[in-house]
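Trainee: Structure, please.
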Amino acid sequence: MQNENKEQEVVGTTEEEVVEKEHTLVLYNDDHNTFEYVIETLIEVCGHTWEQAETCTWIAHYKGKCPIKSGTFEELKPYYDAMLAHHLYVSIQ
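Mentor: Numbers count the residues shown, from 1 in each chain. You can find the predicted model right below:
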């Protein structure tokens, strides 16, 4: 019985951690920045490869938004601030 309770506690902790990491940094399309600038910013700020950054840029262009990074709110906040500093429209959801 004691082992079952310990396993349940571990599972409970793991589920809480998963819930914490459900935040997403979302990039929104804008009419002000060039594709090249957005791609370069995603590479610089988020560590995307050229291909990832280009794909995200096209998705945001055609669909209006694109998820670009996931993690806890605390992990995403510096990326959010940096993207805003580069004059890109983002949100943490």
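Trainee: Would you quantify the distance from Thr72 to Pro78?
Mentor: 12 Å (Cβ to Cβ, to the nearest Å). Every C-beta, even on glycine, is put in place using the N, C-alpha and C of the backbone.
Trainee: who's more crowded, these two?
Mentor: Higher neighbour count among Thr72 and Pro78: Thr72, with 14 against 10, using other Cβ atoms under 10 Å.
Trainee: next one: phi and psi at that one?
Mentor: phi -70, psi 160 (degrees, to the nearest 10).
Trainee: Check Trp58 too.
Mentor: According to degrees, to the nearest 10, Trp58 has phi -70, psi -40.
Trainee: so how far is Lys65 from it?
Mentor: Going from Trp58 to Lys65 by Cβ to Cβ gives 12 Å.
Trainee: before we move on, what about Leu76?
Mentor: When Leu76 is compared with Lys65 (using Cβ to Cβ), they lie 15 Å apart.
Trainee: Model confidence for Tyr28, exactly?
Mentor: Model confidence at Tyr28, expressed as pLDDT, equals 98.
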